[in-house]
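Predicted model and sequence below, questions to follow.
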Amino acid sequence: MQKPDYHILVCASFRGTEAKGKCIKKDSMQLINYLEEELVDRGLNAVVSSTGCLKLCEEGPIVVVYPQGYWYGNVTGQDVVDEILDALEEGKPAEAYLL
Ligand code: FES
């Protein structure tokens, strides 16, 4: 496998073995499938991982993009994911959602 250009983290709210935080209650897991589809459609070499609570629950759902280190909050749906990926393709952050 080729090493990915980007690693996108999506908060899955786990604290210990239970998903107790807020992101999952705001449908963060539905972002993962959409991200996976969009990455393929756009030909971006990236992997998506779910994470434990990233400790910014009030700003959730949280999405982080590495290696840029962009931390995004209020990633509330597909339209926001589109803006984030559009910006990534343009080599810049999606400013409106940066934390
Ligand atoms: S549950 Fe996502 S930051 Fe806490």
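Right, received. Where do you want to start? Residues are numbered from 1 along each chain as shown.

Give the closest residue to residue 13 in space, chain neighbours not counted.
residue 21 (3.4 Å; Cβ to Cβ, 6 or more residues apart in numbering). In this view, the C-beta of every residue, glycine as well, is placed from N, C-alpha and C.

who touches residue 9 in this structure?
48-51, 54, 63-66 (Cβ atoms under 8 Å, 6 or more residues apart in numbering).

buried stuff in the longest helix belonging to the chain?
The longest helix of the chain (DSSP state H) is helix 28-42. Of the residues in helix 28-42, 28-29, 31-32, 35, 38-39 count as buried by neighbour count, 16 or more other Cβ atoms under 10 Å.

before we move on, what about stretch 92-99?
93-94, 97.

related to what we said a few turns ago, between the buried residues of helix 28-42, which is closest to residue 77?
Ranked by distance to residue 77 (Cβ to Cβ), these are led by residue 31 at 7.8 Å.

element containing the residue nearest to residue 13, please.
Assessed by DSSP states H and E, residue 21 sits outside every helix and strand.

From the ligand, how far out is it?
2 Å (Cβ to the nearest ligand atom, to the nearest Å).

Quick check, pLDDT for that residue.
Note on residue 21: pLDDT of 86.

didn't it look like it was pressed against residue 58?
No - Residue 21 is beyond contact range of residue 58, at 10.2 Å (criterion: Cβ atoms under 8 Å).

Neighbour count for those two, which is higher?
residue 21 (23 against 7; other Cβ atoms under 10 Å).

who are the neighbours in contact with that one?
Residues in contact with residue 21 (Cβ under 8 Å, 6+ apart) are 11, 13-15, 53, 57, 60.

again, but for residue 12
Residue 12 sits next to 19, 23-24, 28-29, 50-52 when contact means Cβ under 8 Å, 6+ apart.
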